[in-house]
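> Quick one, fold the following:
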Amino acid sequence: MSYDTLRHFADSWGLVVMTLVFVTLAAWPFLPGSARGNARAATSIFEDEDARDG
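Here you go, the predicted model:
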């Protein structure tokens, strides 16, 4: 593959693929049923906080 071929791919289909991956990952937390996982992730930094205070 030449540089021009790779550049053409990156400017066309590569951009489309990266956009689709970004939109999918950005929308993932808003799917129905993900509220419990989101709440657990949001409060995970506070787990075992009392064990360190003692």
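> ranges for the helices of the protein?
Using DSSP state H, the helices found in the chain span residues 3-9, 15-27, 35-43, 49-53.
> what distance separates the longest one from the centre of its chain?
Mean C-alpha position of helix 15-27 versus that of the full chain (CA atoms, centre = their mean, to the nearest Å) differs by 9 Å.
> next one: stretch 38-46
Averaging C-alpha coordinates over stretch 38-46 and over its chain gives two centres that are 16 Å apart (CA atoms, centre = their mean).
> For the protein, which helix or strand comes out least confident on mean pLDDT?
helix 49-53 (a mean of 62; mean pLDDT, DSSP states H and E).
> quick one: low-confidence ranges for the protein?
Judged by pLDDT under 70, the chain has its weakly predicted residues at 49-54.
> picking that back up, so can I have CSV of the helices of the chain showing mean neighbour count?
Every C-beta, even on glycine, is put in place using the N, C-alpha and C of the backbone. Formatted as CSV, the entries for the helices of the chain read as follows, by neighbours: other CB atoms under 10 Å:
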stretch, mean neighbour count
helix 3-9, 10
helix 15-27, 10
helix 35-43, 10
helix 49-53, 7
